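Asker: Just need the structure, nothing else, for what follows:
(chains A, B and C)
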Amino acid sequence: MRSRGWFPRIALVLGLIFLYVPIVSMIVFSFNNSRLVTVWDAANSPTLKWYHILVHNGQILSAAWLSIRIALIAATGAVILGTLAGMALARFAAFRGRMLLAGMTTAPIVMPEVITGLSLLLLFVAMEQLIGWPHGVGAVTITLAHITFCMAYVTVVVQSRLTGFDESLEEAAMDLGARPVKVFFRITLPLILPAIASGWLLAFTLSWDDLVITQFVAGPGSSTLPMVIFSKVRFGVTPDINALATIMVLLVATGIAISTVWMRYREKRRERDAQLAAAANL
Amino acid sequence: MRLTQAAGRRLVAGIPTFWLLMLFLIPFLIVFRISFSEVRLAIPPYTPLLTWHHGSIWPALELHGSAYAFLFTDSLYVSSYLYSLKVAAISTLLCLLIGYPMAYAIARAAPSSRSMLLMLIVLPFWTSFLLRVYAWIGLLKNNGVINNVLMSLGVIDHPLVMLQTDFAVYVGIVYSYLPFMILPLYSNLEKHDPALLEAAADLGARPVSAFLRVTLPQSLPGIVAGSLLVFIPAVGEYVIPTLLGRTDQLMIGRVLSDEFFENRDWPVASAVAILILLLLVIPIMLFQRMQRRELEAGR
Amino acid sequence: MSAGAQVNSPQMAATDPDQAYVRIAGVTKKFGDFVAVDNVSLDIRRGEIFCLLGGSGSGKTTLLRMLAGFETPTAGTILIDGADMSTTPPYERPVNMMFQSYALFPHMTVEKNVAFGLEQEGVSSADAKRQVAEILDIVKMTGFGARKPHQLSGGQRQRVALARALVKRPKLLLLDEPLAALDKKLREHTQFELLSIQQRLGVTFIVVTHDQEEAMTLGTRLGVMNQGRIVQVGSPSDIYESPANRFVADFIGSVNMFEGQVHRGGSDGVRIDCAELRGTVHADRTVACAEGATVWTAIRPEKITISRHSPVAGAPAENMVRGTVREIAYMGDMSIYLVQIESGKMVRVTLPNIMRGGERPIAREEGVWLSWHGSSPVVLTE
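Answerer: Residues are numbered from 1 along each chain as shown, chains lettered A, B, ... in the order given. All right, here's what the predicted structure looks like:
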C-alpha cells in the first residue's frame, strides 16, 4: 500500500499498545513495595519482596506442580488422539462416521466452556454410578477433560499440516515397498512433527491455563494453579500474583525468542539452498 | 493384506471417534436428559429418567418440563440470556472494528516484518488468560493505574468508576479475544492479490471505494470466521464478567455455574446449558462448515 | 537383474516378445456413480514404452493408479508377468511409479530417497550404497547424494525421482506426466534421455500424459483414452495417420473435418459427397459402410496444397475446393493459413517455409484453390 494506509498503521500501533499495557503494568507493579498494588511506593521500590513471598507460598507451588503434571499428560494424550483424528480426516477418503468425527473435533473449539465443563462433570458422576469409576473427581477427571478439549486443537493443526503436503509422498513410500505402519513412522510422522510439536505446546498452554472446565471436574485437594489464582484475585488484587504473572510472561517470552532465532536461522539456510538450486539450473 | 490395512484405518479413525463419543457427545446427551428431570435431595440430586413401577416390566418414562418452565417464569434467566447476547454482540463488533484495521495493516506490511507483527499479536495469547484479565482489575479500579494517571494529569477530579461496569466487560472480552478476530482476518487479507486494488484504481476507483467494493466483500469469510470465534465463546463467558463485570446483572455462563455450584440445582443448570446451545447452534454449525471448507481447501 | 536374466526364467511365455507382459482385462473403476475407467482391456508388451494419452478426466491417471495398486478395480483383473495383481497392495507389487510431483521425501537426502526402496527389501547397506551410486550415475546425478530435495533444481529432482523408481529394477515403471513440471527446453532434452535410459535398462514403461507431442516422441505405442475408455491403440504413426474415429483425429494434431454421405464405394476407393465442400472427396481406400451412410472425412492441414490457380484445367474435379485466405499465422518453421471455402467453413492449411524469402507468398484475402491427394483423407464412420 502507498502512504494512504496511515489509518491501519496507527490502528495497529494503538492495538499493540492496548495488548501490552496490562502485561507491562503487571510486570512493573510486581516490583512495587506497596500492598496497595497500584500505588507506586517510590521510597522502597523496586523490590523483590513479592517474589520472595511467592516462592514461599506452598499452596501456589503445589498447585503449579499439579498443573504442570496435568498439562504434561493432557498435552501428550491430546497429541496422540489429535494426530490420529487429523490423519483420519486428512488422509482417509469418505469413511463411515467421518462427518461425526469432523463435527466432534471442531465443536469443542467454540463450545462455551461452562457447557463443556458441566457436561463432563455430569458424565463422570453418571459413570461412577454405573461402573463405579472414577472415584469422585480430581486430578484424573481434570486430565481426561483437558485431553478432550485440547485434542480438538491438535486435530486442526495436524489436519491442516497434512492437507498442506502432497499425499503422493506417502503413496511413493508405499510404492517403494513400505507397509502402512512404516510409511507413517518414516514419512508421515517426520513431516508433521513440527505441527505435532506446536500442537503439543498449544495443548500444554491450554491445559495449564484452563479454569472454567477444570472448576467443574476438580474435587477437593485437586486445585490447579488457575483455580488458586482465581480464588485469590476474585476478591481483589494481590501483589504476589503480579510476581507470578511476571515469571510466566518471562518464561513464555524466552521460549518465543529462542524459537524466533531458530526460525530466522532456518529461513536463512532455506534461502541459501534456494539460491543453490537456482544456480544448478544455469 | 487389504484386510489388515482396512483394520488399521478403522483403528486410526475409531480411537479418536470413540474418545469423543464418550467424552463429548454422550455428556451432552446426559445434560439433555438431566434437563428433563426434577431436583431432589439425593445422590445424584435429580429424578431418574426411567422408573420401574411395581408389577410392570416396562419402565415408565418420566419427563419433566419444570426446569424449563422455571427458566421462563423467573425474569433473572431471560434477562441474563438477553444481556449475554448483547454483551457478546457488542464485544464482537468492537473486536471487528479494532481488529480489521490491525489485520489489514499486518497484511500490507513488508513481508519480512509480518511474522514479527503476527507474533506480537499472538504472544499475549500464550500467557495466562486469567492473569491478563486480572491485570485489568489493577488498571480499571477506582485507585487503579488509569484513574491515578488521569487524576495526576488533572484530567479528572474524581476517579471514574470503570470496574464492575459493562465497559469493563467489553474491555476484557475485546482484550482477550482480539487475536481470534485478527488471525482469520489476516489469513484472508494476506491472500488478496494486490493487482485487484491496482485494477480498481486503474478503473478509476478512489482508495476508499476500492476498499469498500473490492477488499471488504472479499474479506467477508474472514470477518464471519473471526466474528464467530469471538461471539460464540463470549456468550458463555464466565471469568471476564466474574472478575470485571457488574454484580447486579449476571451473564448466563455465571448463572449456569451458580445454579450448579451454589443452588445445586442440576436440572436447571442443565436446562440453562441446553438453551445456550439452542441459541448457539446456528453460529456453531456455521463455524463448523467454514472450518471444514478451510481445512479441506488443500485437498 | 537384467532383461537377459529374465529370458532364462522357466516361464516360456515370458520369453515370447509378443506375449502380453501386462494384461489389463475388462477393468472398470467407479467412484460412487462416476465411472472413471470403463471396461478397459489392454495388453502391454515387455520392454515397450506405452503411452496413455488423454485429456483431464479421461481416466488415464486412475488406470495408472490401479496398476500401481493405489486404487482397486471395481471389476476386471490386472496381470503383471502372469501374476494377478488385482488385490496386491502397492508395497508388494513389482511395480514402481514416478509421480507427477516427484514426491521426493523432503526430509531425506537424495541418497536416502533413492535407497528407501532397497531398504524396504532388506538389502544390506553396502549393497544398497553400491546400487544407489550406480543408478545415480545412470541419471547423471553423481555427487548430489548428500543434497536435500529443496536444494535441487526441477530437472535434478526429476532425475532423482527417476533414479528412486528405477533402483529396485521394477518389472514395470509407471510414469505420471513425467515431464509436465519441466520447462520446454529441458523437456525435449529429458525426453531423449528417458528413452536412452529405458533402452539401457530394458524396463517396461507405462507413461501417462496429456501432451500428444510427448506421447509421440516417447511411446512405442499409444493408447488414447476418452471418458474412461480406450478409444484407439497403435503406433504413433497409426494414431496420427489412421485415427479410428473423430475424437482421435481431432485430439491428436489438428484436422479439417467434413461431414458427407458415401456416394459410391468403387474398386478405386470411396467417394463422399460433402455439402460443406460443395464437392466430392475421393479417398483411395475402401471403407466398410453402406451406400448413403453419413461419414466424416478428416484431412490433416499439412496434406493440403494451396495454390493460386486451379490444379486441374476445366470444371472443378474431386478433392479440391475454392476459397479465400482469411488469416495467415507465421510460425517460423511453417505458416498456417486459414482459408474460408465457399460454404463459409474455415479450412486450416499449413505450409513449411522451405525457402528463406522465397517466391511472393500468398497474401490475405487472396482467392486460392485447395487440393489434396486421394491418399490423404481419412474416412471415419464414428
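Asker: Tell me the predicted confidence for the closest residue to chain B within chain C.
Answerer: Proximity to chain B, evaluated over chain C using Cβ to the nearest Cβ, is greatest for residue C:89 at 4.7 Å. All C-beta atoms are positioned from the backbone trio N, CA, C, and that covers glycine. For residue C:89, the model assigns a pLDDT of 90.
Asker: what's the neighbour count on it?
Answerer: A count of nearby residues for residue C:89, using other Cβ atoms under 10 Å in any protein chain shown, gives 17.
Asker: How about residue C:327?
Answerer: Residue C:327 is flanked by 12 other residues according to other Cβ under 10 Å.
Asker: Can you tell me the element it falls in?
Answerer: In the assignment (DSSP states H and E), residue C:327 maps to strand C:320-330.
Asker: And residue A:154, by the same measure?
Answerer: Residue A:154 is located in helix A:139-164, with elements delineated by DSSP H and E.
Asker: quick one on the thing from earlier: separation between the residue of chain C closest to chain B and residue C:172?
Answerer: According to Cβ to Cβ, to the nearest Å, residue C:89 and residue C:172 sit 16 Å apart.
Asker: swap in residue C:78?
Answerer: According to Cβ to Cβ, residue C:78 stands 11 Å off from residue C:172.
Asker: Also residue B:189?
Answerer: Using Cβ to Cβ, one gets 49 Å for the distance from residue B:189 to residue C:172.
Asker: So those two - more neighbours on which side?
Answerer: In this comparison of residue B:189 against residue C:172, neighbours counted by other Cβ under 10 Å, the higher total goes to residue C:172 at 23 against 20.
Asker: just the helices in the stretch 101-250 of chain B please.
Answerer: B:111-126, B:129-140, B:145-152, B:166-189, B:194-202, B:207-210, B:216-218, B:220-235, B:239-244 (DSSP state H, counting those that start in this stretch).
Asker: Which neighbouring elements make contact with the fifth one?
Answerer: Contacting helix B:194-202 under the criterion 3 or more Cβ pairs under 8 Å, 6 or more residues apart in numbering or on different chains; DSSP states H and E are the following elements: helix B:207-210.
Asker: What score does the residue in the stretch 151-299 of chain B positioned nearest to chain A have for pLDDT?
Answerer: Of all residues in the stretch 151-299 of chain B, residue B:236 sits closest to chain A, with a separation of 2.3 Å (Cβ to the nearest Cβ). At residue B:236, the pLDDT value in this model is 91.
Asker: That one and residue B:124, how far apart?
Answerer: The value you get for residue B:236 to residue B:124, if Cβ to Cβ is used, is 22 Å.
Asker: Among those two, which residue is more densely surrounded?
Answerer: Legend: neighbour count by other Cβ under 10 Å for residue B:236 and residue B:124, higher for residue B:236 (26 against 21).
Asker: Compute the distance between that one and residue C:247, please.
Answerer: According to Cβ to Cβ, residue B:236 and residue C:247 sit 61 Å apart.
Asker: How about residue A:247?
Answerer: Taken as Cβ to Cβ, the spacing of residue A:247 relative to residue C:247 amounts to 74 Å.
Asker: give me phi/psi at residue A:104?
Answerer: The main-chain torsion angles of residue A:104 are listed as degrees, to the nearest 10 and equal phi -70, psi -20.
Asker: Could you do residue C:318 as well?
Answerer: The phi/psi pair for residue C:318 (degrees, to the nearest 10) reads phi -70, psi 160.
Asker: Bridged to the residue nearest to it when sequence neighbours are not counted, which residues?
Answerer: By the measure of Cβ to Cβ, 6 or more residues apart in numbering or on different chains, the closest residue to residue C:318 outside its immediate chain neighbours is residue C:282, 4.3 Å from it. According to DSSP bridges, the residues that bridge with residue C:282 are residue C:271.
Asker: So what's the residue count around residue B:263?
Answerer: By the other Cβ under 10 Å criterion, the neighbourhood of residue B:263 contains 11 residues.
Asker: which SSE is it in?
Answerer: Assigning secondary structure by DSSP H and E places residue B:263 outside every helix and strand.
Asker: how far away is it from residue C:233?
Answerer: Between residue B:263 and residue C:233 the distance, using Cβ to Cβ, works out to 81 Å.
Asker: same deal with residue C:20?
Answerer: Look at residue C:20 and residue C:233: by Cβ to Cβ, they are 12 Å apart.
Asker: who touches both of the two?
Answerer: When contacts are counted by Cβ atoms under 8 Å, 6 or more residues apart in numbering or on different chains, residue C:20 and residue C:233 are jointly contacted by no residue.
Asker: give the contact list for residue A:231.
Answerer: residue A:223.
Asker: and residue C:24, what are its bridge partners?
Answerer: Beta-bridge partners for residue C:24, by DSSP bridges, are residue C:42, residue C:78.
Asker: Adding distance to residue C:199, write the helices of the stretch 101-250 of chain B out as TSV.
Answerer: Below are the helices of the stretch 101-250 of chain B laid out as TSV (distance: least, Cβ to Cβ, whole Å):
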stretch	distance to residue C:199
helix B:111-126	48
helix B:129-140	67
helix B:145-152	82
helix B:166-189	51
helix B:194-202	48
helix B:207-210	60
helix B:216-218	54
helix B:220-235	54
helix B:239-244	73
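Asker: So which of the ones you listed is nearest residue A:97?
Answerer: Closest to residue A:97 of the helices of the stretch 101-250 of chain B, according to Cβ to Cβ: helix B:220-235, at 24.7 Å.
Asker: starting at the chain centroid, how far to that closest one?
Answerer: Average the C-alpha atoms of helix B:220-235, do the same for its chain, and the two points are 8 Å apart (Cα atoms, centre = their mean, to the nearest Å).
Asker: for stretch B:227-236, same thing?
Answerer: On the basis of Cα atoms, centre = their mean, stretch B:227-236 sits 3 Å off its chain's mean C-alpha point.
Asker: ok, and what's touching that stretch?
Answerer: A:110-115, B:84-85, B:87-89, B:91-92, B:95-96, B:173, B:177, B:180-181, B:184, B:252-253, B:256, B:276, B:279-280, B:283-284, B:286-287, B:290.
Asker: For ChimeraX, what selects the buried ones among those?
Answerer: Here is the ChimeraX selection string for the buried members of the contacts of stretch B:227-236, based on 16 or more other Cβ atoms under 10 Å in any protein chain shown:
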select /A:110,111,112,113,114,115 /B:84,85,87,88,91,92,95,96,173,177,180,181,184,252,253,256,276,279,280,283,284,287,290
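Asker: among the contacts of stretch B:227-236, which are in reach of chain C?
Answerer: Intersecting the contacts of stretch B:227-236 with the contacts of chain C gives an empty set (criterion: Cβ under 8 Å from any Cβ of the partner chain).
Asker: from the contacts of stretch B:227-236, which ones fall inside strands?
Answerer: Counting by DSSP state E, no part of the contacts of stretch B:227-236 is found in strands.
Asker: Please narrow the contacts of stretch B:227-236 to those residing in helices.
Answerer: Among the contacts of stretch B:227-236, the members falling in helices are A:110, A:113-115, B:84-85, B:87-89, B:91-92, B:95-96, B:173, B:177, B:180-181, B:184, B:252-253, B:256, B:276, B:279-280, B:283-284, B:286-287, B:290 (criterion: DSSP state H).
Asker: Residue A:106: how many residues sit nearby?
Answerer: Per other Cβ under 10 Å, the neighbour tally for residue A:106 reads 23.
Asker: Can you work out which other helices and strands pack against the helix or strand where it lies?
Answerer: Assignment of secondary structure by DSSP H and E places residue A:106 within helix A:98-110. Where contact means 3+ Cβ pairs under 8 Å, 6+ apart, helix A:98-110 is packed against helix A:58-91, helix A:139-164, helix B:2-20, helix B:220-235, helix B:266-296.
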